[in-house]
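> predicted structure and sequence below. I'll ask about it afterward.
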Amino acid sequence: MTMHGLFISFEGIDGAGKSTHIAGLADTFRAQGRAVTLTREPGGTPLAEKLRAMVLGDPMDPLTEALLIFAARRDHLVRVIAPALVRGDVVLCDRFTDATFAYQGAGRGFDLNVLSTLEQWVQSDEGLLGDPAGNSPMKPEVETVIEPHLTVWFDLPPEEAAVRLQGARVPDKFEAQPLAFFRRVAQGYADRQQGHPERFARIDASQTREAVWQAVRQVFVAKGWLP
Ligand code: TYD
C-alpha cells in the first residue's frame, strides 16, 4: 500500500488568517475532481478532538502538553491521514508538527530535541496502515517518517496578528498569551522554515485577503498541483 495522496499543512501564528484560504483550496481541488480530506490539529478524530479540548482549555506542564498533542497526532495519522493518503486524497491539514515546534518549542521553551524524538516516533509509518485498533499492525519494509509534502506558512508580524485577534472571540489558552509569546512562536516558524526550506512556502499574510489567496494559489500552480 503506497500513500500516493498529497499531504499539505497550513501554519502561522493565531490571527494569521489561514482558515478561509484552506477552505478555498478545498473547493478548488474538489472542482478539479480531487477527493479532499479537510482536517486540523490538534484534532481530526473523536479522540484527538477530546485531547484538543484539554490542551486548549486546561492548564498543564509543557511535557504533558507536548505528549497530549503528539498522542492526538498519532491517532489522527492512524485513523485519518494515512488512510486518506493511501486513497490518493488531497489532505489539507490546519496545523501539524511545525506548530508543536513553534508553540511548545519556541513559545513555551520546551526541549526541541525531545520534540524531534517524538516527531520521529509518532510519525513513523510503522503500524500506521494496519487495523487502527492495533490488532494487525503492518510493518513496512523501510520505515519512513510521514511529513507534509508542502507546508504553507502564513507569516504575519505578531503585532498585526494581535490587532486582528482583538475582540474576535473568547480567546483560548494560546490566544490569551502575551505578544512576547507570539514573537517567539513566529521566530519558531522562521527557524522551522530554515531547517526545511524545500517543504515550506512562506506567504506574506499582511497583504489583502485577495492578494494572499493569489499567492497561495500560485504556490500550488507552481508545483503543478493546480492548473
Ligand atoms: P487554531 O488552529 O488557531 O484553531 P482555531 O482557529 O479554531 O482557534 O487553534 C489551535 C491552537 O493550538 C493554536 O493556538 C495553536 C495551538 N497548537 C499548539 O500549541 N501546538 C500544536 O502542535 C498545534 C497543532 C496547535
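Great, that's in hand. Numbers count the residues shown, from 1 in each chain.

> tell me what the worst-scoring helix or strand of the chain on mean pLDDT is packed against?
Ranking every helix and strand in the chain by mean pLDDT, DSSP states H and E puts helix 158-165 at the bottom, with a mean of 94. Counting contacts by 3 or more C-beta pairs under 8 Å, 6 or more residues apart in numbering; DSSP states H and E, helix 158-165 is packed against helix 179-195. To be clear about C-beta, it is placed using only N, CA and C from the backbone, and glycine gets the same treatment.

> the helix it packs on packs against which elements?
Here helix 179-195 touches strand 150-155, helix 158-165, strand 200-204, going by 3+ C-beta pairs under 8 Å, 6+ apart.

> any part of the least confident helix or strand of the chain near the ligand?
No: using C-beta under 6 Å from any ligand atom, helix 158-165 stays clear of the ligand, coming no nearer than 9.8 Å.

> for this protein, give me the ranges with low pLDDT.
1, 136-137 (pLDDT under 70).

> who in it is up against the ligand?
14, 41-42, 56, 69, 94-95, 99-100, 103-104, 174-175.

> which of these fall within strands?
When DSSP state E is applied, the residues of the chain next to the ligand are split such that Asp94 fall in strands.

> just the buried ones from the residues of the chain next to the ligand?
Among those, those scoring as buried are Asp14, Glu41, Pro42, Ile69, Asp94, Arg95, Ala99, Thr100, Tyr103, Gln104, Phe174, Glu175 (criterion: 16 or more other C-beta atoms under 10 Å).
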